[in-house]
Structures are given as structure tokens and as C-alpha cells.
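Peer 1: this one's sequence-less:
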């Protein structure tokens, strides 16, 4: 993955890449002679599950993403509005020799014209006045131009999306004002009833493996949730299979967590039968890992 000039953009692109999985995210796309640079361009055959309520708008097309951690400016809106028509021109042109390979891949084989998405942490300007034709969507904090099937622009104010069903990922994708608020937005996403078990598991693992930059509060929340989910699953298996079998399943689950958080102690703890000792060792390993995150 390429790295931008700011940690905000690195986090934004890492989360975006996690959401789209195998789809290529092209960063810092230059528009020649226009003095513009697009934050990220992604070609989507189908919109990922994490995109929630916006999936119908973004599927089967190239999407230009612009992220603004500072208050949204007219220049950022202009970049997002300019990007889709420029990519659409490359999509339709027959002579692609003067088009970069990354741009050719970004627009190849899409069924619908490109679209722009502005993900803003704060919007102070009158966004409907800044973009002619922009109208409010059914959700607070979302605006879009008419006839999105033909292209256009979507603008999101992530501060207004918190707690909106189907938009939890977008609320978390933006930068929260405090680490505690970031952790709260992450919990809302992980608790979303529309999120599948597989998507939730992938997100847990991506955070744990540090594939997505997160705050210490988010790391701690993630560790606590994984531990709780594993213990609850082991207890459920114990009720279904009997006391001894359940104890074995719980022990195996705890050792699996030890292998993730404290692999250097796995061989030692595999010899331990006392469940309380295993739980204490796991909690200690988690606290040590969190301490390392805080120092980093």
C-alpha cells in the first residue's frame, strides 16, 4: 500500500482497502494540467458489505474518494466533482496510449459511469450552494446529485452519520474528534445488525494484525470484544456438549487467543490446565500489548 503525506489519509485508505478487499485502491491520482490530485480511486465490480446503505450507489463502477479531515473546502469538492468526468473520458476513449496503466485498470469493464464520494469529518460551508443540484438524501449528513446512475457526486458528513443504521462504516471511516469517540463508532459498526459474522471477524482480525491504523482505545475495545466473543462461544459449546467437553473447548479457545497475543508463552501455557491461570495470563498479555501500543 502506498502512503500519503498524513496519518489521516493512511488510516482512511487502510480502512477503504479493508472494505473493498481485493479491489485495487489507487492513491494520489494526478489529473494532468488540472493541478488536481484524487485521494483514492477504486473500481468496484460489486460494492462491499461494509458500504451498507450506499452499496446500490457504488456498485459496478469506478469510485473517486476524497477525504477531508479539516473542514471541507470548495477545492476538495471541486476535486471530487472533477474526477469522475475525467475518468469517464478515459473510460470512453479508444486510444489509451496516453493513459496510465493504473487509470486504465481503474475504469476497465465497469457498467456505470464513475462517481465521486466526499467523506468529510466536518462541513462548515453551505454544501448545497457549493454544488449545483446537490440535494439531501434520506439520511442526515448525506447529500447527492440527481441521477446517480449517470455519475455525479455523493457528500458525507461523518459527524452526522453516527448511529445511523447502514452507515456505521462511513461514520467510523471519518476521523472522530477524540479516541473515545473513535472507539464508540467502531463498536457501533461491530454491533450493526446488518454486518455479517464473516465481515465482523475480518474486521476484528485486521485491527488485531495492525492492518488498519487505530487508536489505543480502539485496540483495547477490539481485544476485549474478541476475548468476550471467544469465551461466550466456548460457554455455549460447553452447554451443548457437556461440562468436560465444554471445558476443553473453552481451554482451546483461550489458547488460541494466547497464540495471537502472546505466542512466546504458548508452549508454556499449553501445559497449564487451570482455566483461571490461562485467563489471567491472557489478560496480562493483552495489557502488555496495549501498553506497547500506547508507547508506540
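Peer 2: Alright, I've got the coordinates. Treat the numbers as computed from the prediction; the structure is a model and nothing was measured.
Peer 1: show me where the stretch 101-250 of the chain has its helices.
Peer 2: Counting by DSSP state H, counting those that start in this stretch, the stretch 101-250 of the chain has helices at residues 101-107, 127-130, 168-173, 179-190, 197-208, 216-241, 243-261.
Peer 1: mean neighbour count for those helices - can I get that in CSV?
Peer 2: C-beta coordinates here come from the backbone N, C-alpha and C atoms, glycine included. Output for those, formatted as CSV (neighbours: other CB atoms under 10 Å):
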stretch, mean neighbour count
helix 101-107, 17
helix 127-130, 14
helix 168-173, 26
helix 179-190, 19
helix 197-208, 16
helix 216-241, 16
helix 243-261, 17
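Peer 1: export those helices as CSV, with columns for mean pLDDT and distance to residue 136.
Peer 2: CSV is the format used below for those (pLDDT from 0 to 100; distance: least, CB to CB, whole Å):
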stretch, mean pLDDT, distance to residue 136
helix 101-107, 69, 29
helix 127-130, 83, 8
helix 168-173, 95, 16
helix 179-190, 92, 22
helix 197-208, 88, 28
helix 216-241, 71, 30
helix 243-261, 72, 44
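Peer 1: now render the ones you listed as TSV, adding distance to residue 153.
Peer 2: Listed next are these as TSV, based on distance: least, CB to CB, whole Å:
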stretch	distance to residue 153
helix 101-107	17
helix 127-130	10
helix 168-173	15
helix 179-190	24
helix 197-208	27
helix 216-241	30
helix 243-261	42
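Peer 1: distance check, the closest residue to residue 108 other than its chain neighbours against residue 22.
Peer 2: Among residues not flanking residue 108 along the chain, residue 43 sits closest, at 7.1 Å (CB to CB, 6 or more residues apart in numbering). Separation of residue 43 from residue 22 (CB to CB, to the nearest Å): 11 Å.
Peer 1: neighbour count winner among the two?
Peer 2: Neighbour count, other CB atoms under 10 Å: between residue 43 and residue 22, residue 43 has more, with 21 against 7.
Peer 1: of the helices of the stretch 101-250 of the chain, which is nearest residue 7?
Peer 2: Closest approach to residue 7 among these (CB to CB): helix 179-190, 12.9 Å.
Peer 1: re earlier: so the residue nearest to residue 108 sits in a strand?
Peer 2: Yes. Assessed by DSSP: H, G, I helix; E, B strand; the rest coil, residue 43 belongs to a strand.
Peer 1: my guess is it contacts residue 20, does it?
Peer 2: No. Residue 43 is beyond contact range of residue 20, at 9.2 Å (criterion: CB atoms under 8 Å).
Peer 1: can you tell me the helix or strand for residue 26?
Peer 2: Secondary structure from DSSP states H and E places residue 26 in strand 25-31.
Peer 1: in its sheet, what does that strand sit against?
Peer 2: Paired strands of strand 25-31, with direction, are strand 36-44 (antiparallel) (DSSP bridges).
Peer 1: which ones are touching residue 255?
Peer 2: Residues near residue 255 by CB atoms under 8 Å, 6 or more residues apart in numbering: 266, 269, 270, 278.
Peer 1: same question for residue 49.
Peer 2: 55, 195, 196, 199.
Peer 1: filter those down to the buried ones.
Peer 2: Neighbour-count burial (16 or more other CB atoms under 10 Å) applied to these gives 195, 199.
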